[in-house]
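Colleague: here is my input, please return the structure:
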Amino acid sequence: MTRIIEFLIALGIVAGLFVIIGVCLPGERHITESIETNRKMTIVYDTVNSLRRFKDWNPLVLRDPAVDLKLSGPASGVGATLDFSSKDLGNGSWKITESEENKRVVIAIEDPTKGHDKVSTFTLEPTGKGGRNVKITQDYSVKYGFDLFGRYAGLYVSRQIGDDIKMGLSRMANMLATVPNVDYRTAEAPLTDLAIVEVPAEDLLLVNAGNVDRGQDTITKSIKDNQEWIKRVMEANGLEAAGPFRIITTDFGAEKYAFDIAQPVKKKGAEGAGAEELSVKIDGGAPVKYVRVAPHRSAHAAYTGHMAGLDIARNALRAWAVTNGSEVVDRPYESWNGGLDKSFTQDGTYDIYWAVK
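Modeller: Numbers count the residues shown, from 1 in each chain. Model prediction:
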């Protein structure tokens, strides 16, 4: 009987100490980590203001590669939501609740860990010489109230959540380093009508122009000469243009330009293009190929300016697409809407496309 009483007294002392220490522990925790990147502010802000690339930087997917992620709400900004479901990690969500362009994004977090009112805030600050770099600071806060078990769990927040934040920021910086460093919202690359579009099936006559000198005369001559080959094949097969010619870029180098010339075509008098595959015969000496392009999704932008600016414009379109969670594939191309001569002036007009998965 004495031993039982002693045991109960000891248990009471332990319980009392547990309560006293728990009450003295902080009722909330706050963690801050930072990292720096040399990507443009637009790219960094659009990355944290959307959850479309969450899987590419957040450690959650490393702890459970089979985690199920589901996006809902707007594509970016307030209301954008990512729900996750995992057999190992449980269920939860990340939801953007506040957003201030190029400055701050606040995300509310729900997960099975102890605590409530969990909030992660990304603060963006220009830094480095001339403000060319961006300092990304991620804050995490959680409240426990009078949940004593939660307060004790808070002792390990720096190791658990803090380590995840460090890893996540490091992975984000590495991910951002793969994005072309072009600001697609400034005069650096004056793009309009940025969107992911559905491109229907098309029929193309195509010529490989090779690798020509990067000069107006050589590029113009190559395009005109190869357009003549395409014109002959069109006439021989009863075809007509189904839109402006396009240039498909293989490599835009410092001195050389490797590209293909392509002309969308259709049967003469046909109301629409791409409805069915064409039967095209090409003489053995003609360097022309007939290509049937299947329907696909593509990043798209409109651009006005000299064709020399197209390389920056292409990279800007790729930066936008990747930042918004799309992976570009194949080669980019532009429809030269204003014709050949106009494209070598500041009045050239183009539709730029880059296929995405």
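Colleague: secondary structure element for residue 62?
Modeller: Following DSSP states H and E, one finds residue 62 within helix 60-63.
Colleague: so which residues make contact with that helix?
Modeller: 54-55, 67, 69, 84, 88-89, 164, 167 (CB atoms under 8 Å, 6 or more residues apart in numbering). C-beta coordinates here come from the backbone N, C-alpha and C atoms, glycine included.
Colleague: highest neighbour count among those residues?
Modeller: residue 84 (22 neighbours; other CB atoms under 10 Å).
Colleague: which residues of the stretch 201-350 of the chain score low on pLDDT?
Modeller: For the stretch 201-350 of the chain, the stretches with pLDDT under 70 are 274-275.
Colleague: show me the helices in it, by range?
Modeller: 216-236, 310-323 (DSSP state H, counting those that start in this stretch).
Colleague: residue 295 reaches residue 200, doesn't it?
Modeller: Yes - contact criterion CB atoms under 8 Å: residue 295 and residue 200 qualify, at 5.4 Å.
Colleague: picking that back up, just the contacts of helix 60-63: which are in strands?
Modeller: Judged by DSSP state E, strands contain the following of the contacts of helix 60-63: 69, 84.
Colleague: show me what whichever helix or strand residue 97 is part of is packed up against.
Modeller: Per DSSP H and E, residue 97 falls inside strand 90-100. Under the contact criterion of 3 or more CB pairs under 8 Å, 6 or more residues apart in numbering; DSSP states H and E, strand 90-100 touches strand 81-86, strand 104-110.
Colleague: what strands line up against that strand, and which way round?
Modeller: Taking DSSP bridges as the criterion, strand 90-100 sits next to strand 81-86 (antiparallel), strand 104-110 (antiparallel) in its sheet.
Colleague: got the buried residues for the longest one?
Modeller: Of the residues in strand 104-110, 104-107, 109 count as buried by neighbour count, 16 or more other CB atoms under 10 Å.
Colleague: keeping just the C-alphas, turn the helix holding residue 62 into CSV.
Modeller: Output of helix 60-63 as CSV, limited to C-alpha atoms (Å, rounded to 0.1, in the frame of the first residue of the first chain):
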residue,chain,number,x,y,z
LEU,A,60,6.7,17.6,-48.7
VAL,A,61,7.1,15.7,-51.9
LEU,A,62,10.5,14.4,-50.8
ARG,A,63,9.1,12.9,-47.6
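Colleague: how far does it sit from the chain's center?
Modeller: 20 Å (CA atoms, centre = their mean, to the nearest Å).
Colleague: and stretch 47-62, by the same measure?
Modeller: 11 Å.
Colleague: dump the helices and strands packed on strand 90-100 into a markdown table; add mean pLDDT and distance to residue 214 as well.
Modeller: Below are the helices and strands packed on strand 90-100 laid out as a markdown table (pLDDT from 0 to 100; distance: least, CB to CB, whole Å):
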| stretch | mean pLDDT | distance to residue 214 |
| --- | --- | --- |
| strand 81-86 | 96 | 44 |
| strand 104-110 | 96 | 41 |
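Colleague: CSV for the ones you listed, including distance to residue 121?
Modeller: Putting the helices and strands packed on strand 90-100 into CSV (distance: least, CB to CB, whole Å) gives the following:
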stretch, distance to residue 121
strand 81-86, 16
strand 104-110, 5
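Colleague: ok, which of those strands comes nearest residue 129?
Modeller: Residue 129 lies closest to strand 104-110 among those, at 23.5 Å (CB to CB).
Colleague: quick one: strands adjacent to the next helix or strand after the closest one?
Modeller: Sequence order places strand 116-127 as the next helix or strand after strand 104-110, per DSSP H and E. Strand 116-127 pairs in its sheet with strand 104-110 (antiparallel), strand 133-143 (antiparallel), by DSSP bridges.
Colleague: contact partners of strand 116-127?
Modeller: Contacts for strand 116-127 (CB under 8 Å, 6+ apart): 36, 41, 44-45, 48, 94, 97, 102-111, 132-145.
Colleague: buried residues, that strand. List them.
Modeller: 118-125.
Colleague: need the CA coordinates for stretch 317-337. PDB is fine.
Modeller: Extracted in PDB, the C-alpha atoms of stretch 317-337 (Å, rounded to 0.1, in the frame of the first residue of the first chain):
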ATOM      1  CA  LEU A 317       7.800  33.200 -73.100                       C
ATOM      2  CA  ARG A 318       9.700  30.200 -71.800                       C
ATOM      3  CA  ALA A 319      10.300  31.900 -68.500                       C
ATOM      4  CA  TRP A 320       6.600  32.700 -68.200                       C
ATOM      5  CA  ALA A 321       5.500  29.200 -69.100                       C
ATOM      6  CA  VAL A 322       8.000  27.500 -66.700                       C
ATOM      7  CA  THR A 323       7.200  29.900 -63.800                       C
ATOM      8  CA  ASN A 324       3.500  29.100 -64.200                       C
ATOM      9  CA  GLY A 325       4.100  25.400 -64.000                       C
ATOM     10  CA  SER A 326       4.300  24.300 -67.600                       C
ATOM     11  CA  GLU A 327       7.200  22.400 -69.200                       C
ATOM     12  CA  VAL A 328       8.200  23.500 -72.700                       C
ATOM     13  CA  VAL A 329       9.000  20.800 -75.300                       C
ATOM     14  CA  ASP A 330      10.200  20.800 -78.900                       C
ATOM     15  CA  ARG A 331      11.300  24.000 -80.700                       C
ATOM     16  CA  PRO A 332       9.700  27.400 -80.500                       C
ATOM     17  CA  TYR A 333       8.300  29.100 -83.600                       C
ATOM     18  CA  GLU A 334       6.900  32.400 -84.700                       C
ATOM     19  CA  SER A 335       4.300  33.300 -87.200                       C
ATOM     20  CA  TRP A 336       5.700  36.400 -89.100                       C
ATOM     21  CA  ASN A 337       2.300  38.100 -89.400                       C
END
